[in-house]
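> From the sequence below, what's the structure:
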Amino acid sequence: KYTDTEIAKAVSWIDAQKKEKADLTTRDFGKIDCRIMDDEQRIMWVILQLACRDELVIEGKKRQVLMQMRGKPGTGKSTVLQCAQTDDFFKKHARLAATTGSAGCLIGGSTIHSLVLLPFKGLRRGPLDGKDKSNVEGRLRDVRVIIIDEKSMLSQENLGWLDLRLKAVQPDPKKKQMDF
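Below you'll find the model as predicted:
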């Protein structure tokens with residue numbers, strides 16, 4: 001049994017953790033001069049902007065964006081993400097996630113597991129339902145772009161679960177048929 005004082009301390013600690021998490025996931029990169037991007041970075045940035053606005057048209061058709069942003073350390077991948085995060089459309093229509101909590105914090109996002117409730121250590125296997133499904137739907141409402149940092153660290157099984165989770169919360173029947 002716990003005393004009232006111990007329970008109060010636990011509640012206070014939980015509240016402090018929630019506030020700290022909120023501070024970390026709404027990371028402000030301050031003022032960044034997006035004019036410093038080179039041509040390749042600018043192309044990636046424009047693609048992200050068009051995808052967030054649902055205006056990416058290739059060969060006369062709107063397209064789903066499935067792309068990889070790769071490069072050695074120091075090539076400017078983070079600069080592209082930091083510039084993208086200064087745009088209001090990006091803030092509303094994009095989510096950043098990573099395979100680890102520390103990587104998620106560094107990019108101003110969360111873990112991919114918490115974003116879409118991927119199975120973890122045998123938990124949450126099977127379809128989402130009830131409160132879990134509502135939570136994921138709420139997190140992904142109006143989202144058009146999901147950026148996964150270090151996606152190579154996701155197993156093939158987790159990529160399959162990611163596809164299932166995203167399809168489960170997609171309200172558009174046509175988009176449910178597309179691969180994520």
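> wait, what's in contact with residue 118?
112, 124, 158, 161-162, 165 (CB atoms under 8 Å, 6 or more residues apart in numbering). In short, each C-beta sits where N, CA and C put it, glycine included.
> Give me the lowest-pLDDT entry from these.
When those are compared by pLDDT, residue 124 scores lowest at 69.
> ok, back up a step: restricted to helices, list the contacts of residue 118.
112, 158, 161-162, 165 (DSSP state H).
> quick one: buried residues of stretch 113-130?
By 16 or more other CB atoms under 10 Å, the buried positions in stretch 113-130 come out as 113-118, 124, 128.
> Looking at those residues, spot the one nearest residue 52.
Minimum distance to residue 52 across these is 16.8 Å, recorded for residue 115 (CB to CB).
> The closest one: what's it in contact with?
So residue 115 contacts 95, 97, 109, 136, 139-140, 146 (CB under 8 Å, 6+ apart).
> So for residue 85, what's the pLDDT?
At residue 85, pLDDT is 84.
> Past the least confident helix or strand in the chain by mean pLDDT, which element shows up next along the chain?
Among the helical and strand segments of the chain, the one scoring lowest on mean pLDDT, DSSP states H and E is helix 4-25, with a mean of 64. Following helix 4-25 in sequence order, the next helix or strand is helix 39-52 (DSSP states H and E).
> which helices and strands sit right next to that next one?
When contacts are defined as 3 or more CB pairs under 8 Å, 6 or more residues apart in numbering; DSSP states H and E, helix 39-52 sits against helix 77-84, helix 88-93, strand 145-149.
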